[in-house]
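Q: pasting the sequence and the predicted model now:
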Amino acid sequence: MITTPIQPENIDEYLKRLFPISRSITGNGNRETLRVLQELVPISIEEYPSQTKAYDWTIPGEWSIRSAWIKNSLGVKLVDWSECNLHVVGYSEPVHQFMKYEQLAENLHYLDHFPDAIPYRTTYYKKDWGFCVTRAQNLALLESKGELEVYIDSTIDDSGSMSILGWMAYLVMDLYF
């Protein structure tokens, strides 16, 4: 149901609400995003169970994340998912380990040519985990003394579902089923 007329001054309010939502192609963040969009345009939401085959693709399990960070040996958080939801590779499996930078490096992603950017990465079908950081964060991790504490609190639920726009569901059904 449309509750707010779309006006340029409203767009900033919606962007401020939408940006912090941690969303992927499945999960509560995606559903919350679609509910906010329902305030702007008349859309219906359809649910499709995880593990449903659609042509050459399978809907992945529903991913949920509650917390993630990397702390130095003094307990200072150098990377914190609660500050930016792009910091964790989407669909990361849970992890809680102490490791040197050299071990962590294979699970870090950053862009040398865009030093302030945080890359967006996912791993829907490969069981893995990782963090996406700025170049400065990567350097701070590299220069840390001692072990780093790495923590991701997440789950992947194969009995979950994917929420999509109602009109998109008809397109998918026509093309793939």
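A: Received, thanks. Numbering: from 1, shown residues only.
Q: I'd like the next helix or strand past the helix or strand encompassing E149.
A: Assigned by DSSP states H and E, E149 belongs to strand 148-157. Where DSSP H and E defines the elements, the next helix or strand beyond strand 148-157 is strand 161-165.
Q: mind listing what that next one pairs with, with the direction of each?
A: Note on strand 161-165: by DSSP bridges, its sheet partners are strand 45-49 (antiparallel).
Q: next, the buried residues of the strand it pairs with.
A: By neighbour count on 16 or more other CB atoms under 10 Å, the buried set for strand 45-49 is 45-46, 48. Just so you know, the C-beta spots here come from the backbone N, C-alpha and C atoms, and that holds for glycine as well.
Q: please name every helix or strand in contact with the helix or strand following that strand.
A: Moving toward the C-terminus from strand 45-49, the next helix or strand (DSSP H and E) is strand 53-54. With contacts defined as 3 or more CB pairs under 8 Å, 6 or more residues apart in numbering; DSSP states H and E, strand 53-54 has no helix or strand neighbours.
Q: look up how far V133 lies from the closest residue to S73 other than its chain neighbours.
A: Nearest residue to S73, sequence neighbours excluded (CB to CB, 6 or more residues apart in numbering): G146, at 3.2 Å. Distance of G146 to V133, computed by CB to CB, to the nearest Å: 19 Å.
Q: for the two, work out which one has more neighbours and name it.
A: V133 (24 against 11; other CB atoms under 10 Å).
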